[in-house]
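**Student:** this one's sequence-less:
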């Protein structure tokens, strides 16, 4: 049986996100799951997600890197606190800093794979390195500094 | 009379971009124009561009920073080559590296302003610093290394 994705465990206020919220009907609804110590996400860009014809828009690639990183941070921090990964235990992270390197044009029309590795898990901060692959080739790399979401973000929202 | 936006000058193959292409009906269609030596873009996120309720999705903010940076790079490089800014002279840039710092949550429901400054224009490379403001307050800063688009990006596309 397939494990639920990290994003399927988010409480409702965190499930509205355009990138990863399962309740955002117009959004990307990305899904991230562990494969060993790497978290993996697959996404096929829509035809309108174009840069120049034939290639994927860089802003979408940054969005995928961003949301896959925060999901991975949430799961890694939950494990680090000794908790199982469940809807009532999963923590929630936001991005403080995002770095994206576009190493080659990413072809449009194929499924992309993102592979993320938490490289630092410390207190309320998780740092994640991400590779994005198209047809088995790394076209984008990312580095995200994620911080646990303050409760004020929901209370005041 | 309002000057045309940088993006309104792009030749057709570059006018398909999800972020800034005037021919991408589902896209963001951002517009950038000079105000003195700073280029400015205004964009009001759609209701679905949410992170947690009440705040703008970070991937959209990265997308705005990205496209406003490449537009600014194109205009700055065109000027640096001594050319007027016209459809037959404007150069076209892509992002090689994007850095985005999320300094405060960005409120949803208001018009955002992006202000970009080319800090290095050298050969085929332009570096751009960007501030994104909501209600007069900087919530996001960005730094983009842009490179002139190789013609192969279109020829092979």
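**Tutor:** All right, it came through fine. All of these numbers come straight from a predicted model, not from anything done at the bench.
**Student:** so what's the residue positioned nearest the centre of chain A up against?
**Tutor:** For chain A, residue A:68 is the residue whose C-alpha lies nearest the centre (C-alpha atoms, centre = their mean; 0.9 Å). Contact partners of residue A:68, counting by C-beta atoms under 8 Å, 6 or more residues apart in numbering or on different chains, are A:20, A:30, A:32, A:39, A:41, A:114, A:116, A:130. The C-beta positions use only the backbone N, C-alpha and C, and glycine is treated the same way.
**Student:** and with 6 Å instead?
**Tutor:** Residues near residue A:68 by C-beta atoms under 6 Å, 6 or more residues apart in numbering or on different chains: A:32, A:41, A:114, A:116.
**Student:** from those, which ones fall inside helices?
**Tutor:** With helices taken from DSSP state H, there is no overlap with the contacts of residue A:68.
**Student:** turn those into JSON lines, including neighbour count, pLDDT and distance to residue B:4.
**Tutor:** As requested, these are exported to JSON lines (neighbours: other C-beta atoms under 10 Å in any protein chain shown; pLDDT from 0 to 100; distance: C-beta to C-beta, whole Å):
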{"residue": "A:32", "neighbour count": "23", "pLDDT": "98", "distance to residue B:4": "42"}
{"residue": "A:41", "neighbour count": "26", "pLDDT": "98", "distance to residue B:4": "39"}
{"residue": "A:114", "neighbour count": "26", "pLDDT": "98", "distance to residue B:4": "37"}
{"residue": "A:116", "neighbour count": "27", "pLDDT": "98", "distance to residue B:4": "41"}
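**Student:** any chance of these in a markdown table, plus distance to residue A:80?
**Tutor:** Listed next are those as a markdown table, based on distance: C-beta to C-beta, whole Å:
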| residue | distance to residue A:80 |
| --- | --- |
| A:32 | 17 |
| A:41 | 20 |
| A:114 | 21 |
| A:116 | 15 |
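**Student:** from these, pick the one nearest residue A:104.
**Tutor:** Of all these, residue A:104 sits closest to residue A:114, with 15.4 Å by C-beta to C-beta.
**Student:** what's the distance between the closest one and chain B?
**Tutor:** For residue A:114, the distance to chain B equals 13 Å [C-beta to the nearest C-beta, to the nearest Å].
**Student:** check contacts around that residue.
**Tutor:** When the contact criterion is C-beta under 6 Å, 6+ apart, the partners of residue A:114 are A:41, A:64, A:68, A:130, A:132.
**Student:** cool, residue A:32 as well?
**Tutor:** Residues near residue A:32 by C-beta under 6 Å, 6+ apart: A:5, A:6, A:39, A:41, A:68, A:71.
**Student:** of these, which is the nearest to chain B?
**Tutor:** Chain B lies nearest to residue A:68 out of the contacts of residue A:32, by C-beta to the nearest C-beta, at 10.5 Å.
**Student:** any idea which element the closest one lies in?
**Tutor:** Here residue A:68 sits within helix A:58-80, counting by DSSP states H and E.
**Student:** helix or strand next in line after that helix, which one?
**Tutor:** Sequence order places strand A:93-102 as the next helix or strand after helix A:58-80, per DSSP H and E.
**Student:** coming back round to it: return the closest of the contacts of residue A:68 with respect to residue B:77.
**Tutor:** residue A:114 (31.7 Å).
**Student:** look up how far residue A:72 lies from the closest one.
**Tutor:** Per C-beta to C-beta, to the nearest Å, residue A:114 is found 9 Å from residue A:72.
**Student:** likewise for residue A:63?
**Tutor:** Distance from residue A:63 to residue A:72, counting by C-beta to C-beta: 15 Å.
**Student:** and if you look at residue A:140?
**Tutor:** Distance from residue A:140 to residue A:72, by C-beta to C-beta: 16 Å.
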